[in-house]
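Undergrad: need a structure here:
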Amino acid sequence: MTLKECYQILDLNQSASLEEVKRAYRQRAFALHPDLNPGIADASRQFQRLNEAYVILSKLIAVREERDKKKSGQAQRERAQEAPRSEEGSSSTASGAEATKTANQKARENTAAHDSASASHEQPSAASESAASASATSASATAAPS
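TA: Numbers count the residues shown, from 1 in each chain. This is a model prediction of the structure:
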């Protein structure tokens with residue numbers, strides 16, 4: 001079934017919204033339902049085609065509306081981001097450079113602090129070395145008598 005047929009079955013134009021599709025489906029379903037219209041010989045087949053058209057169009061329009069919503073949301077975010085830039089003018093460049101400079105200084109300070117802390121952990125004192133060798137000697141002495 002083509003989209004054109006779907007729109008014709010529901011008697012809608014191609015710019016119909018999801019609400020319009022639902023409304024048209026309900027009206028046509030009431031008119032074509034085989035249980036409500038036993039006198040119509042082909043009611044069952046027409047009702048099946050109506051259901052098929054409704055499913056196709058409702059999915060298509062839901063996807064289209066979601067895409068349009070995302071596009072409009074994205075456009076609004078872009079406009080919101082551009083507005084402060086144009087208002088600030090050249091001062092935004094200066095403040096941006098200052099922020100980058102400050103961030104770089106903080107990174108250098110953190111690196112220097114980390115390096116000095118690592119250096120103190122890497123060089124064990126003589127006392128800790130002798131304690132480590134003494135514990136290793138006592139461990140090997142206990143394991144030796146077998």
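Undergrad: Kindly spell out which helices and strands sit in contact with the stretch of helix or strand residue 57 belongs to.
TA: In this assignment (DSSP states H and E), residue 57 forms part of helix 43-88. Under the contact definition 3 or more C-beta pairs under 8 Å, 6 or more residues apart in numbering; DSSP states H and E, helix 43-88 sits against helix 3-10, helix 18-32, helix 91-122. (Each C-beta comes from the backbone N, C-alpha and C, glycine too.)
Undergrad: now do 7 Å
TA: Applying 3 or more C-beta pairs under 7 Å, 6 or more residues apart in numbering; DSSP states H and E, we find helix 43-88 packed against helix 3-10, helix 18-32.
Undergrad: tilt between that helix and helix 18-32?
TA: Put simply, helix 43-88 runs at 170 degrees to helix 18-32, going by axes from the mean of the first three to the mean of the last three C-alpha atoms, to 10 degrees.
Undergrad: that older thread, put together CSV for the helices and strands packed on helix 43-88, with distance to residue 79 and mean pLDDT on each row.
TA: Output for the helices and strands packed on helix 43-88, formatted as CSV (distance: least, C-beta to C-beta, whole Å; pLDDT from 0 to 100):
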stretch, distance to residue 79, mean pLDDT
helix 3-10, 33, 90
helix 18-32, 27, 91
